[in-house]
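> Here's my sequence, what's the structure:
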Amino acid sequence: MKTIISLCVAFLLLAFGSIAVASTVGNNDWEGSVDSDYNNEQNWLIAAGTNPAAGFAGDRNYADYTRWILNYRPGDTVVGAIVNPCTIDDTFLMQRTRVMGNTTVTVANGGVYDAWSFQIGSYGGPGQLDVEAGGLVTIDVVETCYVGNFWNNGDGDGVLNIDGDFLMDGGNLTLGGGGSTGQINIGSTGVFSLTNGGLGINGSSGVYMAVGAQYIRSGDWTGNDLLTMSGYSFDPGVSIDYDYDGAKTTMTVVPETITAPSPANGARGVNPAGLTLRWTTLDGGPYKYDVYLSVPPDSNPVLVSGNQDPNSYTPSPELDYGKTYCWRVDVKNEGGTLLVTGPVWTFATGSACNPPLLADTNGDCIVDMRDFAQLALEWLQCTRWMSADCP
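Residues are numbered from 1 along each chain as shown. Okay, here's the model as predicted:
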């Protein structure tokens, strides 16, 4: 079975204050069709190998699910309601889901949330759904879904936090309206996919995307500037990478290219003793850095330090005198996903002589024909300059 991580689906239909600590749902947390025993299978529709809901869209292997719920509220009976903030470790198949009444529900490692409709924030008050890193929510939509109650007068705000995968196919998604707001926050490891449907953003509702966040839409979005579109917000100093595969566009938030290297690009006479390479810290972090360094004519530096936190690197052993080096820094998110491949910079170390002799190409502190021969050889072999600059 495909590894599908995470779920916590819940609904609080009782309008009382939120409970601070979420835990795995258990007895007396569950309002089932028979009693409040979460482990009582009579509270659930369980019949392995059969299709419990002909109305579900798409094909599913129902034996893969440990809990089936046909509806969030069949008739006047509250069935399928969790009355405390919670995390569920089972696999769930659901028709409709409501998260409301000051409840936060977490889609966590080990569960599956598979449904064809959802609403976060509703008649019972505001609601929040958190999809943690590694978590997966799959929505095969046959009707409009909502983050924020579209009908009530400001008492049904909704928040959807995505650090895992939230995949919605078909139908439309509406944020806010009717005095309520809806907010989607896509974290640095989050993927929000909305295909074959539309997104409506009302009032002060919106979508925030952190660096590393991915947003997938049907069609070609490469001609759009997501940074300037109404309803979307970002950290300073970012850009959008667009990847259109002929059917859908994946938009990834990336930081701006690293600038202000030290030593400066093209610097000469750099003292290698105790030298530390440095670069700017980008907005929107934290980030991980891969540092590459080598001697030309190799214009593709080799990795010397991977997944490091500081924005500096001290070569060990120290670099040689009288050499030209090229280096670059790549930026990753905390999960290790490459965000930006940095530019290649160069610098040349100086002579060990005191004072340094500019024409002392072999570093022996004597300027003679051997230096001229060394210079001629390096010119012919193109080892003193980047290969792109060679005559």
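
> OK, contacts around the spatially closest residue to Asp225 that is not a sequence neighbour?
Of all residues not flanking Asp225 in the chain, Ile240 sits nearest, at 7.6 Å (Cβ to Cβ, 6 or more residues apart in numbering). Glycine gets a C-beta too; all of them are placed from N, C-alpha and C. Contacts for Ile240 (Cβ atoms under 8 Å, 6 or more residues apart in numbering) come out as 225-227, 251-254.

> Thr254 and Asp235 touch, don't they?
One correction, residue 254 is Val, not Thr. No. Checked against Cβ atoms under 8 Å, the pair Val254 and Asp235 is beyond contact range at 11.1 Å.

> Mutual contacts of these two, please.
Shared contacts of Val254 and Asp235 (Cβ under 8 Å, 6+ apart): Val211.

> neighbour-wise, which of those two wins?
Between Val254 and Asp235, counted using other Cβ atoms under 10 Å, the more crowded position is Val254 (20 against 15).

> State the helix or strand in which that one lies.
Secondary structure from DSSP states H and E places Val254 in strand 248-255.

> What pairs with that strand, parallel or antiparallel?
Here strand 248-255 is paired, per DSSP bridges, with strand 214-218 (antiparallel), strand 238-244 (antiparallel).

> And for Trp327, nearest residue in space, chain neighbours not counted?
Trp327's closest residue in space is Leu293 (Cβ to Cβ, 6+ apart), at 4.4 Å.

> and that neighbour, what element?
Going by DSSP H and E, Leu293 is part of strand 288-294.

> name the helices or strands packed onto that strand?
For strand 288-294, the elements it packs on are strand 302-308, strand 324-332, judged by 3 or more Cβ pairs under 8 Å, 6 or more residues apart in numbering; DSSP states H and E.

> how about that strand: buried residues?
For strand 288-294, burial by neighbour count (16 or more other Cβ atoms under 10 Å) applies to 288-294.

> Arrange the helices and strands packed on strand 288-294 in JSON lines, one row each, with distance to Ile162 and mean pLDDT as further columns.
Output for the helices and strands packed on strand 288-294, formatted as JSON lines (distance: least, Cβ to Cβ, whole Å; pLDDT from 0 to 100):
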{"stretch": "strand 302-308", "distance to Ile162": "24", "mean pLDDT": "94"}
{"stretch": "strand 324-332", "distance to Ile162": "20", "mean pLDDT": "92"}
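
> With Gly148 as the reference, name the closest of those strands.
Distance to Gly148, taken as Cβ to Cβ, is lowest for strand 324-332 among those, at 33.8 Å.

> re the thing from before, of the helices and strands packed on strand 288-294, flag the one that's most buried.
Mean neighbour count (mean count of other Cβ atoms under 10 Å) peaks for strand 324-332 among the helices and strands packed on strand 288-294, with a mean of 21.

> Please identify the pairing partners of that strand and their relative orientation?
Taking DSSP bridges as the criterion, strand 324-332 pairs within the sheet with strand 288-294 (antiparallel), strand 338-340 (antiparallel), strand 345-349 (antiparallel).
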